[in-house]
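[1] Kindly generate the corresponding structure for this input.
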Amino acid sequence: MSNSRPLSYASALSGRPSTSQQNHTHHPPGNAPAPHPPASTTPPTAGRPTERAPRAPPHPRRTTPPPTQTFHTPRTSSPEKAVYVLTLTTTPSIHDPINALRRQHFPAHLNRTPAHLTLFHALPHSRFKTLTSTLEALSASTAPFVIATGSPFRMRRGVGVNVGTGAEQAKRVHRELRDAWAEFLSEQDGGGWKPHWTVQNKVGSEEEAAGSYEEVKGGFKGAEGRATGMALWRYERGRWVFEREFGFGG
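    The predicted model follows:
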């Protein structure tokens, strides 16, 4: 793993590290055994001593993650030292308006990362060399491409914005990586992918999400820019720590 210092997500996207990044860490784009059953209450047979009912064995402790965790866990032979998030990087002309929209609508106490286009959510540290070699090869053969926002959409307790122009190119990048890494991807990362930005999530009610959706639908005028590469982030207890960028150069 690289020993690079944590960088801010927005600066990594723009390719212009700030002075503060050189000195500070930034936050860029959370069984017990079952109780024994009571002894039998059936009266004992006459002439025989009362016998205690046999104790039921305790339930075995869970040795594998529960289903909700398994969905996000890489399929590797042992627990991972770290996992990585991979995002598509874009120019400020599209990142900044989307990020402003996220700051406006995302619950402030939960908004730990700027707006981002996530390609993969949990890439395993044990495959780090495979990850980087694949990313180097694909980024070298991929040219930057135009990307624009599309229509907003409702989430149960949030709002997302689809990628419009550039969605097919983004899907091609994702598909090539998914095929190369299929053997160890999590269930989530190995499935289908819909390129989008999440500008709101985990609000208090569906009614609040509905109101935000109408506001975004009626007020956001859209944005356009270029997809310039991919960024790898190390996930550390809710923080994203910048690891490396792979710029498109094809």
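
[2] and the end-to-end length of stretch 116-132?
    20 Å (C-alpha to C-alpha, to the nearest Å).

[3] same deal with stretch 103-120?
    End residues of stretch 103-120 are separated by 23 Å (C-alpha to C-alpha).

[4] How far does that stretch sit from its chain's centre?
    Its chain's C-alpha centre and that of stretch 103-120 lie 11 Å apart, by C-alpha atoms, centre = their mean, to the nearest Å.

[5] Likewise for stretch 223-230?
    For stretch 223-230, the distance to the chain centre is 19 Å (C-alpha atoms, centre = their mean).

[6] List the contacts of stretch 156-172.
    88, 98, 101, 105, 117, 145-153, 193-206, 208-209, 212-213, 216, 220, 222, 224, 227 (C-beta atoms under 8 Å, 6 or more residues apart in numbering). C-beta here means a position set from N, CA and C on the backbone, and glycine is covered the same way.

[7] Please indicate which of the residues you listed are buried?
    Among these, those classed as buried by 16 or more other C-beta atoms under 10 Å are 88, 98, 101, 105, 117, 145, 147-150, 152, 193, 195-201, 203, 209, 212-213, 216, 220, 224, 227.

[8] other SSEs contacting the helix or strand hosting Val199?
    Counting by DSSP states H and E, the element that carries Val199 is strand 196-200. Strand 196-200 is packed against helix 92-105, strand 145-155, strand 158-163, helix 206-219, with contacts defined by 3 or more C-beta pairs under 8 Å, 6 or more residues apart in numbering; DSSP states H and E.

[9] Partner strands of it and their direction?
    strand 158-163 (antiparallel) (DSSP bridges).

[10] helix or strand right after the strand it pairs with?
    Next along from strand 158-163, by DSSP H and E: helix 167-180.

[11] Just the buried residues of that next one, please?
    Buried-residue list, helix 167-180, by 16+ other C-beta under 10 Å: Ala167, Gln169, Ala170, Lys171, Val173, His174, Leu177, Arg178, Ala180.

[12] same deal with stretch 160-167?
    Gly160, Val161, Val163, Gly166, Ala167.

[13] Quick check: end-to-end length of that stretch?
    For stretch 160-167, the separation between the terminal residues is 15 Å (C-alpha to C-alpha).

[14] repeat for stretch 158-167
    Taking C-alpha to C-alpha as the measure, stretch 158-167 stretches 21 Å from start to finish.

[15] again, but for stretch 215-233
    32 Å.
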